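[1] coords please:
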Amino acid sequence: MQFQTPQFIETEAKIVGPLTLKQFLIVGAAVIGSLMLFYVLATWLWFIVACILVGGAITLALIKINGQSMSIILISAIKFFWQPKLYVWQRKNAVKEIEIVLPKKEPLLKILREKLLTTKIPLPKREKPAKKTPEAPLWKSLFPEKQHIEILSKLTGEKEVARRIDYR
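    Residues are numbered from 1 along each chain as shown. The predicted structure is shown next:
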């Protein structure tokens, strides 16, 4: 079973020729108003007022901007200018508070340093196991045959000579 769905449900029905009822009433009220003013005003003044009145009514009835009629835009503009506006701006604090928690026992870096200097077991996935070499006298480990000396530059531009020590 097929049913027809209504289309163009947002368009208003054309009642009087190409005009909808709302458009016809707006233009009709302007024409009737200008006819009444014909008997009250001088001809030259009536012509100026009638052109403004009927032109405004035709603009209000027929022109659409972004799919909305001019009457809706005019009502929205009046509401915008009539209603009070409240602009609130609150400055957020630029300073952030940071809480520093100090360890109660020995610092973690000190413990890690001790473990690295004193352990004979290599750290997994970081160090390779040391090869067993015949033990050399203590003085040879303190003063290796090849000494690596480097010249370091400090941030101040001062140069300093330092001995590079490899513990492996």
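
[2] Can you show me the helices along this structure?
    21-40, 43-62, 70-82, 108-118, 138-142 (DSSP state H).

[3] what about the first one, distance to the chain center?
    Between the mean C-alpha point of helix 21-40 and the mean C-alpha point of its chain there is a distance of 51 Å (Cα atoms, centre = their mean, to the nearest Å).

[4] if we can go back for a sec, and residue 7, which of the helices of the chain is closest to it?
    Residue 7 lies closest, by Cβ to Cβ, to one member of the helices of the chain: helix 21-40, at 20.7 Å. Any C-beta I mention is one placed from the backbone N, CA and C, and that applies to glycine too.

[5] in that closest one, what's buried?
    Of all the residues in helix 21-40, those buried under the rule 16 or more other Cβ atoms under 10 Å are 23-24, 26-27, 30, 34.

[6] Quick one: end-to-end length of stretch 89-99, please.
    29 Å (Cα to Cα, to the nearest Å).

[7] I'd like the mean pLDDT over that stretch, please.
    Stretch 89-99 shows a mean pLDDT of 70.

[8] cool, and stretch 36-55?
    94.

[9] What of stretch 111-120?
    pLDDT averaged over stretch 111-120 gives 70.

[10] Same question for stretch 13-26.
    Here the average pLDDT along stretch 13-26 is 88.

[11] Touching that stretch from outside, list them.
    Stretch 13-26 has contacts (Cβ atoms under 8 Å, 6 or more residues apart in numbering) with 12, 27, 57, 60-62, 71.

[12] so how far is that stretch from its chain's centroid?
    46 Å.

[13] Ok, stretch 39-59 next?
    51 Å.

[14] What separation is there between residue 89 and residue 76?
    In this view, residue 89 and residue 76 are 25 Å apart by Cβ to Cβ, to the nearest Å.

[15] the more surrounded of these two?
    Taking other Cβ atoms under 10 Å, residue 89 and residue 76 do not tie; residue 76 has more neighbours (11 against 4).
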